[in-house]
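Student: A predicted structure for the sequence below; I have some questions about it.
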Amino acid sequence: MQKINLAAAFQTIDTPWSPRIAGAVNGSHIKLVRLDGAFIWHAHEHEDEMFLVVRGRMQMRFRDHEVWLEPGEFIIVPRGIEHMPVAPEPCEVMLIEPATTLNTGNVVNERTVAAPAALGG
């Protein structure tokens, strides 16, 4: 049982779109990720995802609308819903999702992180 300082943890993450595992709770991972620019359109067939903005701001695009998120705000993307996270400027986000969740969901490409490293790893 160790505490995590989010500001210090995010300082250890250099690469955008490369999630780090900060902890695990009941089969779900708590991941920290820096966002910068646009990600890819994708969906997760079996998993819901929660995006909590810690610092900066981001937009969650859906095919029929978009939602802006400010620090302290979160959104849950239900399984099966196609979405694309976008951060016009660098943004720090905490993700809560099942441990089996692939960051690119139903798409496998150069941005896929099949086995996210633990913080500090």
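Tutor: Received it, and whenever you're ready, just let me know what you need.
Student: Which residues does stretch 20-30 contact?
Tutor: Applying Cβ atoms under 8 Å, 6 or more residues apart in numbering, the external contacts of stretch 20-30 come out as 4, 9, 12-13, 31-33, 94-99, 101, 116-119, 121. Quick note: C-beta positions are derived from backbone N, CA and C, even for glycine.
Student: Quickly find the element holding the residue lying closest to Ile76 once chain neighbours are set aside.
Tutor: Leaving aside its sequence neighbours, Ile76 sits nearest to Met50 (Cβ to Cβ, 6 or more residues apart in numbering; 5.0 Å). Per DSSP states H and E: Met50 is located in strand 49-55.
Student: Near the nearest residue to Pro78 once chain neighbours are set aside, how many other residues are there?
Tutor: Closest residue in space to Pro78, ignoring its immediate chain neighbours: Asp48 at 5.4 Å, by Cβ to Cβ, 6+ apart. Neighbourhood size, Asp48 [other Cβ atoms under 10 Å]: 16.
Student: low-scoring stretches of this structure, by residue?
Tutor: 121 (pLDDT under 70).
Student: My guess is Ile75 contacts Phe51. True?
Tutor: Yes. Ile75 lies in contact with Phe51 (Cβ atoms under 8 Å); the separation is 5.4 Å.
Student: Mind checking what secondary structure the residue most central in space within the chain has?
Tutor: Closest residue to the average C-alpha location of the chain: Leu95 at 4.5 Å, with Cα atoms, centre = their mean. Leu95 falls in the strand class when you classify it by DSSP: H, G, I helix; E, B strand; the rest coil.
Student: just the helices in the chain please.
Tutor: For the chain, helices defined by DSSP state H occupy the ranges 6-11.
Student: what about the strands in it?
Tutor: Taking DSSP state E, the strands of the chain run over residues 20-25, 28-38, 49-55, 58-62, 66-69, 74-77, 83-98, 117-118.
Student: mind giving me JSON lines with those and columns for distance to Asn109?
Tutor: Formatted as JSON lines, these follow (distance: least, Cβ to Cβ, whole Å):
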{"stretch": "strand 20-25", "distance to Asn109": "20"}
{"stretch": "strand 28-38", "distance to Asn109": "14"}
{"stretch": "strand 49-55", "distance to Asn109": "18"}
{"stretch": "strand 58-62", "distance to Asn109": "18"}
{"stretch": "strand 66-69", "distance to Asn109": "23"}
{"stretch": "strand 74-77", "distance to Asn109": "19"}
{"stretch": "strand 83-98", "distance to Asn109": "13"}
{"stretch": "strand 117-118", "distance to Asn109": "19"}
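Student: Good, wrapping up.
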